[in-house]
Structures are given as C-alpha cells and as structure tokens.
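> From the sequence below, what's the structure:
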Amino acid sequence: NPQNADTFYKAGLCHEKLQRYDRAAEAFLQATLLDSTNSLYFARLGQSYFQTRKFAASIDAYQKAASLDEDNPVLLFNIGLAWAQMDSTRKAIDALNRAASAHHPEKIAYIYNQIGALHFNKKRYRSARTAYRKALQFDPSNAEAQFYLALADEQLKNFKTAIEGYKRFLGLTSGDADQH
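Here you go, the predicted model:
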C-alpha cells in the first residue's frame, strides 16, 4: 500500500542510504503524517533535517520523538548536537545534561565528552575540565577525555597536572606512560 506509513519510512531509509537527505526528509515527514505515534519516524526525520543543516526543524522532530520515547537518551543527545550547530551552547549543554541523567551509563562518558568539547571550544576551560573529569569517572579508559582534560589543565596554566594528564593519555593509548 503506497499510503502506508511504514512504506514511506522504508523509502526514507533508502534515500538516507543514497545520501538524498532532502528526499529522505520528505518520506519520513509523510510517515509521521500517517502515523504520529511512532517515535522512530520522528527520529529519522530529525536526522534527515540535521543532515541538510535544517537544525531548528531537526530539533522539533527530535523533540516530538523524545515526547514519544522518554527513556531514549540518544534523542536528547541529538537535540543537544543540533543546538550546538545553531551556536546555542547553553541549550546544547542543557540537552546533553538531560541525556546524561537518563541513567544509561554506557553513553554517559560519551555525553560528558561532548559537553567538555562544547565548553573547550568556547574557551571555558574550567567547565571543560569538569565535564572531562565526569567522563573519566564513567569511563576511566576514555583516552579522548584524558587528552582534552590535560589540554584544559594546560590552558588553565596547571602545567604539572597537565603533564600528568598527558602521561595518563599515553598510558591509555600505548601502554607506556613514560613515553616521550
């Protein structure tokens, strides 16, 4: 049946695979119009809008998906990324913090890493350091968080702490903390 929401959804997936994101968005939109209760349709619509740099529309679609699937931290994370693309750092960090508090430990370190990156890019090194430390609490083997934590310490002129952080990074990536 060509008027079936699932058929439009599958067509959208095909367009995504072919990197035709405008056409994917049209198909996903049709799916949402035929079935407004499926969070996956809205999530894919949000992703297609994100790919075409329509970030406000992306946020709207992700928020609708999140209202239908409240336990999904990935949707909140994607909302945060879209806000970051719109240079709304505060809203991005709020969304990422909500995603981190959704009690999915396997994703929390990654989310705090992203919060750290947002702060770091805005030269808010103390806030970045706090976020990277939280990432390392949830995943002590997170080499990226360790590297940027050391870099933030260096920017804050905490040179001794930065050197120790760089050594920890080397230990995580090569198994040899004494490498030069």
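> Contact partners for the residue nearest the centre of the chain?
For the chain, the residue sitting closest to the mean C-alpha position, by CA atoms, centre = their mean, is residue 77 at 4.4 Å. When contacts are counted by CB atoms under 8 Å, 6 or more residues apart in numbering, residue 77 touches 95-96, 99, 107, 111, 114. Where you see a C-beta, it was placed from the backbone N, CA and C, and this is true even at glycine.
> Next, count neighbours for residue 167.
16 (other CB atoms under 10 Å).
> my bad, residue 107
Neighbourhood size, residue 107 [other CB under 10 Å]: 16.
> who touches it in this structure?
Residue 107 neighbours (CB under 8 Å, 6+ apart): 73-74, 77, 99-100.
> For whichever strand or helix holds it, buried residues please.
Using DSSP states H and E, the element containing residue 107 is helix 105-121. By neighbour count on 16 or more other CB atoms under 10 Å, the buried set for helix 105-121 is 107-120.
> got the buried residues for the one helix or strand residue 75 maps to?
Using DSSP H and E, residue 75 sits within helix 73-85. Residues of helix 73-85 classed as buried: 73-84 (neighbour count, 16+ other CB under 10 Å).
> quick one on the thing from earlier: what's the distance between the residue nearest to the centre of the chain and residue 167?
Here the criterion is CB to CB, to the nearest Å. By it, residue 77 lies 31 Å from residue 167.
> for this structure, what spans make up the helices?
Listed in chain order, the helices of the chain (DSSP state H) span 5-17, 21-34, 39-51, 55-68, 73-85, 89-100, 105-121, 125-138, 143-155, 159-174.
> Output those in CSV; the columns should cover mean pLDDT.
Formatted as CSV, the helices of the chain follow (pLDDT from 0 to 100):
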stretch, mean pLDDT
helix 5-17, 94
helix 21-34, 97
helix 39-51, 96
helix 55-68, 96
helix 73-85, 91
helix 89-100, 87
helix 105-121, 86
helix 125-138, 94
helix 143-155, 96
helix 159-174, 94
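> Including distance to residue 66, could the buried residues of helix 73-85 go into CSV?
Putting the buried residues of helix 73-85 into CSV (distance: CB to CB, whole Å) gives the following:
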residue, distance to residue 66
73, 9
74, 9
75, 4
76, 6
77, 10
78, 9
79, 7
80, 11
81, 13
82, 12
83, 13
84, 17
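> Looking at these, which is nearest residue 5?
residue 75 (19.2 Å; CB to CB).
> surely that closest one meets residue 62?
Yes - in this structure, residue 75 is within contact of residue 62 by CB atoms under 8 Å, at 5.3 Å.
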